[in-house]
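Visitor: Prediction below, plus the sequence it came from.
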Amino acid sequence: MSSDNRFDPASADARWQNVWEQAQTFRADSGSPKPKSYVLEMFPYPSGRIHIGHVRNYTMGDVLARYKKATGHEVLHPMGWDAFGMPAENAAMEKGVHPGGWTRDNIEHMKAQLKRLGFALDWSRELATCDQDYYGHEQALFIDLFEAGLVYRKESEVNWDPVDMTVLANEQVIDGKGWRSGAEVEKRKLNQWFLKITDFAEELLDGLGGLENWPDKVRLMQENWIGKSQGLEFSFDLSNGDKLPVYTTRPDTIFGASFVAVAADHPVARGIDSEEAREFIALCKKGGTTAAELETAEKLGFDTGITAKHPFTGADLPVYIANFVLMDYGTGAIMAVPGHDQRDFEFATKYGLPTPRVVAPSLDDADKPFDGEAEAGEGVIVNSDFLDGMEVEEAKRAIIARIEEQGRGAGKTVWRLRDWGVSRQRYWGTPIPFIHCKSCGVVPAPKESLPITLPEDVDFQTPGNPLLRHPTWKDVECPKCGGKAERETDTLDTFINSSWYFLRFASQPADKPFDAEEVAKWMPVEQYIGGIEHAILHLLYARFWTRALAHMGQLEVKEPFASLFTQGMVTHETYSRKDGGKTVYFAPDEISREAERALLKDDGGEVDIGRVIKMSKSKKNVVDPDTIVDTYGADAVRWFMLSDSPPERDLPWSEAGIEGCSRFVHRLWRLFGSYDANAAAEDKALARKTHQTIAAVAEDIEALSFNKAVARIYELTGAVEKAPASASRSHAVRSLVQLVAPMMPHLAEEAWAAMGETGLVSDAEWPKVDPAMLVEDEVTIAVQHKGKLRDTLTAPKGASKEDLEAMALASEKVQRSLDGAEIRKVIVVPDRLVNIVT
RNA sequence: GCGGGUGUGGCGGAAUGGUAGACGCCGGGGACUUAAAAUCCCCUGUCCUUUGGACGUGUGGGUUCGAGUCCCACCACCCGCACCA
């Protein structure tokens, strides 16, 4: 190898990608006796092009997968496509193409883009969720869940766009109007399919405790989402003869209840026969739901004239309709305790209702006035008859026991988590495998009839669900009675597609969704990597689906992802100009960036440099992976993705940064070119540095601290460059090739081959570390006077405290600083420092 | 409002309670070259009375021989949830 040959990524990248493909280097063998490692990144939606965030995500997983392979693991590192969803239908409507064709074209393009980055993927397991083969098995699983009692139908409200004749997701409703049609959105009741995720609420909550290798943030978000609360449900007797159940988490404050409130949708509210009541209810419904509106929303109420009898005092409490009470939590009605709940406090203040104190710092404070707000904290119970003097928790237990004795109610756990509505009135999704028969009702499709495939001949130019509109698709015989029946025309939420794809990657039999034994060899996923935006929905649904399958005996594993890592975004500064009142943005490739300013290539004029923010099309601060791979090669791009920023934080893309990475690729190539297999001398210091670096990089990769691994590689590179030829140096160069192999695999293969190695570096074992070489025999000791650094000195490793103290006191700089002061104490930390206290 | 996170040079960031600023980027100077590119070398936290010294990790306190790191209070920014009784 000659060092004046520049490394040429344009030819090397493709050449090695080809070699790996021919040799099936990254094919996962489930029969291998090696320990298994399943590395998975969240699979992409085939939107058309890979974006830089994908590159970062898959590079991280790739480094880990390659490292695991080098350290003796059989690695499963697959890739596929989350291929159902709305953008395909939107494209169909806008461009007149078929969603399937559009999706498959995108997949083809994106796959080619991914391949150019040289990821160590087992492409033989590639799948797309829009493949019949995939969604047919999904239909079977859905029927299994139905038979296990985990699927049901219920009438439920949806956002209906009357122009597009379609159901809209909440985020498609903008200011009460459909995002596409602009039509006023209506609430409609539709019969929809639900999954009983609430049956698993307790399990899903408890299971979080076992996920030590998940970010705390994600666990907390899920915990809050599941939202367990424990309290009391009991009924008030109303003056109109009805009973009104309420739910409270503070039963201990029951003697402080001064009114009762119901939601605007509550039957009690609807039952009030007065024009004013109806007007008030309408007003409540109109109220906005945005954050700002809720923040400032005034508590409003309407006195129904009905009263509720307090179960212990017998007092008649007024019953209000209140705008702050939610119908879909608890019972839709509350006992209001103004003294100890801020919302109730505001309401009581507004309507002049009493605010009794029932919790106080001590029994002596029973009459202490409130200081303009409710006191929700701990204390002892006062003014509460038989509860007086008890602590809050004790009082809760006492009151629940008393209510239960009376047969008036019971302790109850309430969850915030709702059942998962999975019906979508859409074409591009998994058809729900059910049949509606006039005489037999809702009947699951026979498993032999699966997959129920989507019809190809559909029309997207007319509004509404194409499946519903299709002339023949829904006509079918009832599997039970053989009579005329209709297929379900709803399709499944795409989150179902992503709730089990990791199982199908692990095992792909033709006749069933997966083979349990085969799956058991790989699952759980050892390391899952993806964006924080999936912290709740995808990750909770996948956990639920996995547990549901385990519950049905189809799987052993209960938690699909042993470790989770959520990576940061790739960001970029923005370039803009004010044009009248408008801000016009420019793309990075329209700009020439200088140290202090940015110029528009077109006219040479200056543009404003904006904040470094998430890449987005509207701000034009995007870079295209293809372009940068063309310019710098895959290895430089991969290296950039791993450098500088810790992987969980945002990574600012910069032209200068990628240039630096590209320079380093070539610098390494020159260094590798200096490899001399025959050098003989020993260089102990360099050998030590090499072993230390190998150990540290391994540790960093395992901790996913790629930025630190990168820094260590830079350091070793610098040291090797300066070192004269020796056997140690040759070993260092060879080791460097292996250390960078997971990150810059093309360069590493090229160098490995040039060094005369016969196999692939991708198949090579991680370099061995000699533990004896990790220990230095000389250390630098810091010498402080009263905690301030005065000198450093070199001492043999393990020098005695006495020796170190003597050496420190011998220092001229230290003596100058001491200036004859009396030494009170000397602290010696062996191999670290000496601190002289005067 | 509730919950969580983050604050260190011009920038991205290192740092088991023990030499703050590793490593990279930017910037400055130099070598090589007719010139440029590429490459290599040196400098690069602030300030001062510069072979030395003071200050310095958002702010103010505290613990300690010693604090970026631990404790208390506060400030700023970011993220999630949102009237959940």
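Guide: Received, thanks. Numbering: from 1, shown residues only, chains lettered A, B, ... in the order given.
Visitor: Please identify the residues of the stretch 301-450 of chain A in proximity to RNA strand B?
Guide: With the criterion set to Cβ under 7 Å from any atom of the strand, the stretch 301-450 of chain A comes near RNA strand B through A:323-327, A:329-330, A:332, A:334, A:337, A:341, A:343, A:414, A:416. (Glycine included, C-beta is placed from N, CA and C.)
Visitor: Filter these down to just the buried residues.
Guide: Buried subset of those (neighbour count, 16 or more other Cβ atoms under 10 Å): A:323-325, A:329-330, A:332, A:334, A:337, A:341, A:343, A:414.
Visitor: Adding secondary structure as columns, could you present those in CSV?
Guide: Below are these laid out as CSV (DSSP: H, G, I helix; E, B strand; the rest coil):
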residue, secondary structure
A:Asn323, coil
A:Phe324, coil
A:Val325, coil
A:Tyr329, coil
A:Gly330, coil
A:Gly332, coil
A:Ile334, strand
A:Val337, coil
A:Asp341, coil
A:Arg343, helix
A:Val414, strand
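Visitor: of all these, which two lie farthest apart?
Guide: Distance extremes for those: the farthest pair is A:Asn323 and A:Val414 at 21.0 Å, using Cβ to Cβ.
Visitor: shaky segments in the stretch 1-150 of chain A?
Guide: Within the stretch 1-150 of chain A, the ranges that satisfy pLDDT under 70 run A:1-4.
Visitor: and the gap between the residue of it found nearest RNA strand B and A:Val733?
Guide: Nearest residue of the stretch 1-150 of chain A to RNA strand B, counting by Cβ to the nearest atom of the strand: A:Arg6, 7.9 Å away. According to Cβ to Cβ, to the nearest Å, A:Arg6 stands 18 Å off from A:Val733.
Visitor: The two: which has the busier surroundings?
Guide: A:Val733 (26 against 10; other Cβ atoms under 10 Å).
Visitor: Could I get the phi/psi values of that one?
Guide: phi -60, psi -50 (degrees, to the nearest 10).
Visitor: Which secondary structure state does the nearest residue to it once chain neighbours are set aside sit in?
Guide: Among residues not flanking A:Val733 along the chain, A:Tyr675 sits closest, at 4.7 Å (Cβ to Cβ, 6 or more residues apart in numbering). Per three-state DSSP, the secondary structure class of A:Tyr675 is coil.
Visitor: What is the burial count for A:Tyr675?
Guide: A:Tyr675, neighbours per other Cβ under 10 Å, totals 20.
Visitor: Surely it touches A:Trp752?
Guide: No. A:Tyr675 is beyond contact range of A:Trp752, at 10.3 Å (criterion: Cβ atoms under 8 Å).
Visitor: quick one: which helix or strand includes the closest residue to the residue of the stretch 1-150 of chain A closest to RNA strand B other than its chain neighbours?
Guide: Nearest in space to A:Arg6, with sequence neighbours left out and distances taken as Cβ to Cβ, 6+ apart, is A:His666 at 6.4 Å. If you go by DSSP states H and E, A:His666 is part of helix A:655-673.
Visitor: by contact count, what packs against that helix?
Guide: helix A:625-632, helix A:634-642, helix A:706-722, helix A:727-740, helix A:745-754 (3 or more Cβ pairs under 8 Å, 6 or more residues apart in numbering; DSSP states H and E).
Visitor: Send me it as CSV with only the CA atoms.
Guide: The C-alpha trace of helix A:655-673 is given here as CSV (Å, rounded to 0.1, in the frame of the first residue of the first chain):
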residue,chain,number,x,y,z
GLU,A,655,-20.2,21.8,6.9
ALA,A,656,-17.0,22.4,8.9
GLY,A,657,-17.7,19.4,11.1
ILE,A,658,-18.1,16.9,8.2
GLU,A,659,-15.0,18.4,6.5
GLY,A,660,-13.1,17.6,9.6
CYS,A,661,-14.4,14.0,9.6
SER,A,662,-13.5,13.6,6.0
ARG,A,663,-10.0,14.8,6.8
PHE,A,664,-9.7,12.3,9.5
VAL,A,665,-10.7,9.4,7.2
HIS,A,666,-7.8,10.4,4.9
ARG,A,667,-5.5,10.9,7.8
LEU,A,668,-6.2,7.4,9.1
TRP,A,669,-5.6,6.1,5.6
ARG,A,670,-2.2,7.6,5.5
LEU,A,671,-1.4,6.2,8.9
PHE,A,672,-2.6,2.8,7.9
GLY,A,673,-0.3,3.0,4.9
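Visitor: avg pLDDT for it?
Guide: For helix A:655-673, the mean per-residue pLDDT is 94.
Visitor: Please point out which parts of it sit buried.
Guide: Judged by neighbour count (16+ other Cβ under 10 Å), helix A:655-673 contains these buried residues: A:658, A:661-662, A:664-665, A:668-669, A:671-673.
Visitor: Next, A:Asp763: phi, psi?
Guide: Torsion angles at A:Asp763 (phi, psi; degrees, to the nearest 10) stand at phi -100, psi -10.
Visitor: let me fix that: A:Ile609
Guide: Per degrees, to the nearest 10, the backbone of A:Ile609 is at phi -90, psi 120.
Visitor: looking at the sheet around it, what are its partners?
Guide: A:Tyr575 (DSSP bridges).
Visitor: A:Tyr575 is in contact with that one, correct?
Guide: Yes. Applying Cβ under 8 Å, one finds A:Ile609 in contact with A:Tyr575, separated by 6.4 Å.
Visitor: hang on, the residue nearest to A:Arg6 packs against A:Asp8?
Guide: No. In this structure, A:His666 is not within contact of A:Asp8 by Cβ under 8 Å, at 10.0 Å.
Visitor: Beyond the one helix or strand in chain A whose mean pLDDT sits lowest, next helix or strand please.
Guide: Lowest mean confidence among the helices and strands of chain A (mean pLDDT, DSSP states H and E): helix A:291-296, at a mean of 46. Per DSSP H and E, the first helix or strand lying C-terminal to helix A:291-296 is strand A:301-309.
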